[in-house]
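In: Turn this into a model:
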Amino acid sequence: MSKQTVLVVDDDDTIRSVVEAILEKNSYTALTACNGEEGLQIANDKIPDAIVLDRKMPGIDGNEVLKSLKENSETQNIPILMLTGERSITDVSSSLDLGALDYIVKPFDHENFLMRLKHIMKSKN
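Out: Residues are numbered from 1 along each chain as shown. Modelled structure (predicted):
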């Protein structure tokens, strides 16, 4: 069985590196993008098994990326876990309304992150 691929889209180098390390340590293949535009390009080219998407980024933000992914027949079924620094349910609910399956607030616990990722990936099957 081949490793599942997860795309990590975050403008914060540290967060991106930490998530990539967690994924690779747990037998996932990690792809990374440092902004929304690059994230959309990689998602369209590689069609990952899941996407971990930062909500607040300069340029194309996470909700705009999410909306574009859901409007594209090639990427609309990719499960998406939002990463956010916001704790307000109003901020998070906009991402869920656009089609994200779950979210996790930064800073996050590694086990909680993996559990949520596995959960959204099961929903795809």
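
In: Find the least confident helix or strand in this structure, judged by mean pLDDT.
Out: Using mean pLDDT, DSSP states H and E, the weakest-scoring helix or strand in the chain turns out to be helix 89-98, at a mean of 85.

In: And it, what does it pack against?
Out: Counting contacts by 3 or more Cβ pairs under 8 Å, 6 or more residues apart in numbering; DSSP states H and E, helix 89-98 packs against helix 62-71, strand 80-84, strand 102-105. Backbone N, C-alpha and C define where each C-beta goes, glycine included.

In: So which of these has the densest surroundings on average?
Out: Looking across the helices and strands packed on helix 89-98 with neighbours counted as mean count of other Cβ atoms under 10 Å, the highest average goes to strand 80-84: a mean of 24.

In: Report all helices and strands that that strand contacts.
Out: strand 50-54, helix 62-71, helix 89-98, strand 102-105, helix 110-124.

In: So which of the ones you listed is nearest residue 39?
Out: helix 62-71 (5.5 Å; Cβ to Cβ).

In: Just the C-alphas of the closest one, formatted as CSV.
Out: Taking C-alpha atoms only, helix 62-71 is exported to CSV below (Å, rounded to 0.1, in the frame of the first residue of the first chain):
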residue,chain,number,x,y,z
GLY,A,62,-7.3,29.8,3.2
ASN,A,63,-11.0,30.4,2.6
GLU,A,64,-10.3,31.6,-0.9
VAL,A,65,-8.2,28.5,-1.6
LEU,A,66,-10.9,26.3,0.0
LYS,A,67,-13.6,27.8,-2.2
SER,A,68,-11.5,27.3,-5.4
LEU,A,69,-10.8,23.7,-4.5
LYS,A,70,-14.5,23.0,-3.9
GLU,A,71,-15.5,24.6,-7.2
